[in-house]
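[1] next comes the sequence, and after it the predicted model I'd like to discuss.
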Amino acid sequence: MAGHEALAGRGAVVTGAAGGIGRALATRLVAEGARVVVNDLDADAVRRTAEEIGAVAVPGDCSSDAGVRALVEEATAELGRIDVYLANAGIDGAGGPDSLQTPDDVWERVVDVNVMAHVRAARLLVPEWVASAEAGGEGGRFVVTASAAGLLTMIGSAPYSVTKHAAVGFAEWLSVTYGHRGVTVQAICPQGVRTRMLEEAGPLQDLLSHDEALTPETVAGSWVDALADDRFLVLPHPEVAAYYAARATDTDRWLGGMRRLQSKLDDHLAGPA
């Protein structure tokens, strides 16, 4: 089911919903008539969000196997059925010139949150959605909040860039494998968004905000607009489509441009000679 009617009365889960894009997505879902469970590691913050927007809080770690199982179980008990799952939680990891030296345990944590959280949730939800659709009932919708970094090459954090590529890749695989079997898959890929992650981006702030830093509410609105045709890529910054095409059609030129940007960043970090 496409369009705004895809949300009215539906049971939805949003991870990473204590603030930022997750909170905005949950708020918009409630406004569209969905019944919403919000999840975040920050239990106090996500409970405040739930109370303020009219949702139900299920705090916890959505990235671990045990955590996502508990989330799905509690959300299903609350909603009756999960129709829409927004895998929104994400973390940055180490950035800057020393990003290559990011310790393995940090890599593992970023992979868990930015990739494996999606895999673990899909393992639980997709088989039930497929079985329901094959029996003539409703399927489901799996939405990944990735990043333009998942389509382009991100300057800065290696773990973030690599895992956002993986998040888009997993979402593509889900769409290819189950899109004809009742599972709608979408990937939200914004550039700069006015969230704490952008505020903490240091010298990368200007680069990430080059085409305008959007509000989380604008990102949520772009996703709702994308329900009209169930398009896979949700691009709140329309410029990203052109960048993505340029990267694909002339990769060496694209990489050359990105190296020039990296060089400017290096000079900025080095400061006056």
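    Great, that's in hand. Keep in mind the model is a prediction, meaning the values are calculated, not measured.
[2] nearest spatial neighbour of the residue most central in space within the chain, skipping sequence neighbours?
    Centroid-nearest residue in the chain, with Cα atoms, centre = their mean: residue 145, separated by 1.3 Å. What sits nearest to residue 145 in space, not counting adjacent residues and going by Cβ to Cβ, 6 or more residues apart in numbering, is residue 88, at 4.1 Å. (Glycine included, C-beta is placed from N, CA and C.)
[3] list the contacts for the residue nearest to the centre of the chain?
    Listed by Cβ atoms under 8 Å, 6 or more residues apart in numbering, the contact partners of residue 145 are 16, 21-22, 25, 86-88, 90, 188.
[4] now do it, the pLDDT please.
    Listed pLDDT for residue 145 reads 97.
[5] contacts for stretch 113-124?
    With contact meaning Cβ under 8 Å, 6+ apart, stretch 113-124 is reached by 15, 62-65, 68-69, 71-72, 85, 87, 89-91, 142, 144, 159-160, 163-164, 166-167, 170-171, 174.
[6] contacting residues around residue 83?
    10-12, 138, 140-141.
[7] list buried residues within those.
    With neighbours counted by 16 or more other Cβ atoms under 10 Å, the contacts of residue 83 contain buried members at 10-12, 140-141.
[8] need the residues you listed in TSV (columns: distance to residue 54).
    Below are the buried ones among the contacts of residue 83 laid out as TSV (distance: Cβ to Cβ, whole Å):
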residue	distance to residue 54
10	15
11	14
12	12
140	22
141	21
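[9] returning to that earlier point: any chance of the contacts of residue 83 in TSV, with distance to residue 221 and secondary structure too?
    What follows is those, written out as TSV (distance: Cβ to Cβ, whole Å; DSSP: H, G, I helix; E, B strand; the rest coil):
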residue	distance to residue 221	secondary structure
10	18	coil
11	21	strand
12	16	strand
138	25	coil
140	22	strand
141	17	strand
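[10] tabulate the residues you listed (CSV), appending distance to residue 215.
    Shown next, in CSV, are the contacts of residue 83 (distance: Cβ to Cβ, whole Å):
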residue, distance to residue 215
10, 24
11, 26
12, 21
138, 32
140, 28
141, 23
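[11] among these, which one has the lowest pLDDT?
    Among the contacts of residue 83, pLDDT bottoms out at residue 138, giving 95.
[12] name the nearest residue to it, sequence neighbours excluded.
    Counting by Cβ to Cβ, 6+ apart, the residue nearest residue 138 is residue 132, at 5.7 Å.
[13] count of neighbours near the residue lying closest to residue 151 once chain neighbours are set aside?
    In space, and not counting its chain neighbours, residue 151 is closest to residue 244: 4.8 Å by Cβ to Cβ, 6+ apart. Per other Cβ atoms under 10 Å, the neighbour tally for residue 244 reads 17.
[14] over to residue 108?
    Using other Cβ under 10 Å, residue 108 has 12 neighbouring residues.
[15] and it, that's in a strand?
    No. Using DSSP: H, G, I helix; E, B strand; the rest coil, the assignment for residue 108 is helix, not a strand.
[16] which parts of the stretch 101-250 of the chain are strands?
    140-145, 183-188, 233-234 (DSSP state E, counting those that start in this stretch).
[17] of those strands, which stretch is the most buried?
    Among the strands of the stretch 101-250 of the chain, strand 140-145 has the highest mean neighbour count (mean count of other Cβ atoms under 10 Å), at a mean of 26.
[18] this completes my enquiry, with thanks.
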